[in-house]
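Novice: structure of the sequence below:
(2 chains)
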Amino acid sequence: MTRVLVDGLVVGYSAADTVLNGLMLDAPSGQITAVLGASGSGKTTLLRTLAGFLRPTRGTVAFGDRVVAGPGPWVPPESRRVGIVPQEGALFPHLDVAGNVAFGLRGVPDARARVQEVLSIVGMSGSERRRPHELSGGQAQRIALARALAPKPDVVLLDEPFSALDAGMRTRIAEEVCGVLAELRTTAILVTHDQQEALGLAHLVAYIDAGKVVQAASPWELYNEPVDLSTARFVGDVVELPAHRADAAGVDCAFGYVSVTNPSDIPSKGVLVLRPEQIELRAADGQHVTGLARVVSVRYRGHDSMIQLELADGSPVVAQVSGQQRHATGDEVVLTVRGAGRVFAS
Amino acid sequence: MMHARVSRTLLLLSGVTAIIAVTPLAYLLVRVLDAGPAKVWSALVRMRTLETAITSVALAATVIVMCVAIGVPIAWALARVRVPWAAAWSVLLALPLAIPSYVAAYAWLAEFSAMTGFWAAAFVLTLVSMPYVIIPTTVAFRNADAGLEEVARTLGRGPWGTFWSASMPQAWPATAAGALLVGLYVLSDFGAVALFRVDAFTRVIYASYRGSFDRTTAAVLAVVLVMLALLLILAERRVRGRTSRWRVGSGSSRRAAALRLSTWQTTAVVIGLTTVAILAIVFPVFSLIRRLLEGSRRPLDWGELAQAALNTLGVSTLAAIVVVILALPVGILAARSQARSVRVLEAASYTGHALPGVVVGLSLVFFTLLVLPAIYQTLAALVLAYTILFLPKSIGATRTAVAVVPPALEQTARTLGFGPLAAWSRTTLRLATPMVAAGGLLVCLTAMKELPATLMLRPTGFDTLATELWSRTEIAAYGASAPYALALMVLAAVPAWLLSWASERRASTVHTGASHDRVPMPATVDW
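Specialist: The predicted structure is shown next:
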């Protein structure tokens, strides 16, 4: 059981050009922590620093009570006891499946038994003699996981391991891989730019931007209670409306009064953030004055549809409604809000 | 489109090319069979034959080992280490390819006239053929997936262990293919072997032809030599075929960042690179220029030099034109058709790749004497020899040039109202021309440096730079040889420079998909 503790991490190419700027992260032992961020946010740099491929300028990295990078100590990658599952194409092409999995088992007495064991954990028993080029993308990723798990690492690092898989297979493989990690109670850090992947697979999600963790929280909390506007935007679709303070618990906006989940910091004027699935549509009946809108376009997806709307004052709103509801471009509708929103200073 | 009809005319023309290409080998086999099994057997089992074979194979093996031992670390340094003047080193270390082995051998002999024998030849051949290992290995190290190396590190391998278990296996196929090309180069080499008096196949074959005592022995030795060369070519093909399967996934491999070394480590790397560059390129040029400035007892005959240069240029250009024309139908067909007949014709046209110059020379001497006496010791025979030897280079270039033009372009032109020929010439031909021309230039360059076939087939009194250099070096008139050697180097350097310039431009303007080495000498990407 190994908790990963990152404190004040600064990593860069020079003093002026840093990628990580005092990053803090506390990844709990035995759980999957997703590091979510846009490209260029520093998430891959963080992973490479954890693995020991990059040396931090400042700050410390500790695995449990072992400090692996800090002011004094420096542990090279081969002694860190980390396993890494890189993006596609990272199986050793000159070795068969068994050779790949046994790569980190030099000097281990019952290496063959261990190879069998991890192959059965990832559901690839019987593929020992196959060559990497004979495997599908999903199979290759399972072998990569088996290879990383074989030496029983303290921490498993996953570097966008599913992004190269085709859409149909991605979710299934991702769930299988994370299922294995959760079952073994391995401390794992999953780097991804895909919010659905992060929210759906991890116990804890750390959203990072400009080399710092902006918010580290449970998936539910990150989605429903983001700490700022950029986080709200990154983890899901948003509806943004100008709003002003109404009372100690809510704001007034184009929909009328909406209560907020962050009442302690309601600004006098700000932006109300809602999720598209919070917007409900009813046919206009001539009685309502607030929340009147016109349907601009409908993207129908079967189980639901994404509806672009325009409020009376011209501001755009997007609503996600059940696929059973029928709307057409040009329809006049009335919008109401379900639940509470989140307000930020604009 | 998949099963487009193979053009009859193109097939017929390719047939002509293929027949020309296999003539020397076929004729050699006929000669050997003609001699009867008893005679062939006795030629084969003679002590001399065995000794020659052992010498040749040992020389090739020695040079391969040295090239790999020196070339791989150099390639790794060029690809992975932050060295000052990185681009300059790459060019400098590829340059020896442009130096014919006999010019390099001459340069060393001119300074150390006592150099002779197996080790002298191995030394000089290593210096000139090392780029065959360095260039592809550098590219392989550069393209290697850094992710694999990182995985190896996390799985407990230190830097050195990672090199052996993750980096080297990725580069190995390229290195092995390069090493086999080195072997082919050494087996075929005549110049260095002859100047250092090593009794390898080429020298023995040439000697028995000159001595004209027993032509059956020469023919038998030639056939054995060709067998050895074929073996190397097949092995090279296999090794290269294997690499293509190794790219797993759609190739999102990440390149490794260049390694920053400490000052003293960098200094050590630079010293190593400098030593090799001095031995392989600076020293030969220096020795040549020194000899040139010293002059010789006999003043330089400018007329003679100019005549030789003109002859060289003329016959090489003529050969290049003939080769490009003959290669055209084969190259086009090979690029556009998978038909069995096309594969066979293409393979036949590549015969010259396996034939050392000495073998083509020997075979064409017999052939012209006995079958076509009209062209015996004429320019036609010489051009024929160059054609057979260098067809593969031009076919390779033509094939690649045509293959990168999408057939859809030609089809689009057809839908826009152009007839078959007009559509073809406005699209495929237009786009393929620069690369086909580059192939022709490469043939010209290579023909200028050809020695053994030229020695055996040239018309009496027709001297090229190579033969003039040869006849002067053979009698140790090193001072008198210098202008010829220098002229050869300059002549060879100009097309090499042009080619490198053209391929740089191509690489930056046209997306060809294949990431071929952007190196000055495309000699390693023949086919």
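
Novice: how is chain A carved up into domains?
Specialist: As given by automatic domain parsing, the domain ranges for chain A are A:4-229, A:237-345.

Novice: how many neighbours does the closest residue to chain B within chain A have?
Specialist: As assessed by C-beta to the nearest C-beta, chain B sits closest to residue A:104 within chain A, at 3.1 Å. C-beta coordinates here come from the backbone N, C-alpha and C atoms, glycine included. Counted by other C-beta atoms under 10 Å in any protein chain shown, the residues lying close to residue A:104 total 24.

Novice: ok, it to residue A:251 distance?
Specialist: Per C-beta to C-beta, to the nearest Å, residue A:104 is found 55 Å from residue A:251.

Novice: how about residue B:274?
Specialist: For residue B:274 relative to residue A:251 (C-beta to C-beta), the value is 73 Å.

Novice: what does residue A:68 give?
Specialist: Residue A:68 is 47 Å from residue A:251, where distance means C-beta to C-beta.

Novice: related to what we said a few turns ago, now the residue of chain A closest to chain B: phi and psi?
Specialist: phi -90, psi 10 (degrees, to the nearest 10).

Novice: distance of residue A:121 relative to residue A:113?
Specialist: According to C-beta to C-beta, residue A:121 and residue A:113 sit 13 Å apart.

Novice: next, the buried residues of stretch A:108-124.
Specialist: Judged by neighbour count (16 or more other C-beta atoms under 10 Å in any protein chain shown), stretch A:108-124 contains these buried residues: A:111, A:114, A:115, A:116, A:118, A:119, A:121, A:122, A:124.

Novice: how far away from the center of its chain is that stretch?
Specialist: How far stretch A:108-124 lies from its chain's middle: 30 Å, per C-alpha atoms, centre = their mean, to the nearest Å.

Novice: so how far is residue B:342 from the residue of chain B found nearest chain A?
Specialist: Evaluated by C-beta to the nearest C-beta, chain B has residue B:155 as its residue closest to chain A, separated by 3.1 Å. Residue B:155 is 47 Å from residue B:342, where distance means C-beta to C-beta.

Novice: the more surrounded of the two?
Specialist: For residue B:155 versus residue B:342, neighbours defined as other C-beta under 10 Å are more numerous around residue B:155 (27 against 20).

Novice: tell me the contacts of that one?
Specialist: A:78, A:83, A:103, A:104, A:147, A:151 (C-beta atoms under 8 Å, 6 or more residues apart in numbering or on different chains).

Novice: buried residues in whatever helix or strand the fifth one lives in, which are they?
Specialist: Read that as residue A:147. If you go by DSSP states H and E, residue A:147 is part of helix A:137-149. Going by neighbour count (16+ other C-beta under 10 Å), the buried part of helix A:137-149 is A:137-149.

Novice: equivalent analysis for stretch B:436-455, please.
Specialist: B:436, B:438-455.

Novice: how about it as CSV, C-alpha atoms only?
Specialist: Extracted C-alpha coordinates of stretch B:436-455, given in CSV (Å, rounded to 0.1, in the frame of the first residue of the first chain):
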residue,chain,number,x,y,z
VAL,B,436,13.9,9.5,-62.0
ALA,B,437,16.5,12.1,-62.9
ALA,B,438,18.1,11.8,-59.5
GLY,B,439,18.4,8.0,-60.1
GLY,B,440,20.1,8.7,-63.4
LEU,B,441,22.5,11.1,-61.7
LEU,B,442,23.3,8.4,-59.1
VAL,B,443,24.1,5.9,-62.0
CYS,B,444,26.3,8.5,-63.6
LEU,B,445,28.2,9.1,-60.4
THR,B,446,28.7,5.4,-59.7
ALA,B,447,29.8,4.6,-63.2
MET,B,448,32.5,7.3,-63.0
LYS,B,449,34.1,5.4,-60.2
GLU,B,450,33.8,1.9,-61.6
LEU,B,451,37.2,0.3,-62.0
PRO,B,452,37.4,-3.5,-62.8
ALA,B,453,34.9,-3.7,-65.6
THR,B,454,36.3,-0.6,-67.1
LEU,B,455,39.8,-2.1,-67.0
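
Novice: number of nearby residues for residue A:9?
Specialist: For residue A:9, the neighbour count with other C-beta under 10 Å is 28.

Novice: nearest residue to it other than its sequence neighbours?
Specialist: residue A:59 (3.6 Å; C-beta to C-beta, 6 or more residues apart in numbering or on different chains).

Novice: and the helix or strand harbouring the one you found, average pLDDT?
Specialist: Assigned by DSSP H and E, residue A:59 belongs to strand A:58-63. Mean pLDDT, strand A:58-63: 93.

Novice: in three-state terms, label residue A:107 for me.
Specialist: Three-state call for residue A:107 (DSSP: H, G, I helix; E, B strand; the rest coil): coil.

Novice: next, residue A:33: phi, psi?
Specialist: The phi and psi values for residue A:33, taken as degrees, to the nearest 10, are phi -110, psi 130.

Novice: beta partners of it?
Specialist: residue A:189, residue A:204 (DSSP bridges).

Novice: swap in residue A:240?
Specialist: Applying DSSP bridges, one finds that residue A:240 bridges with residue A:273.
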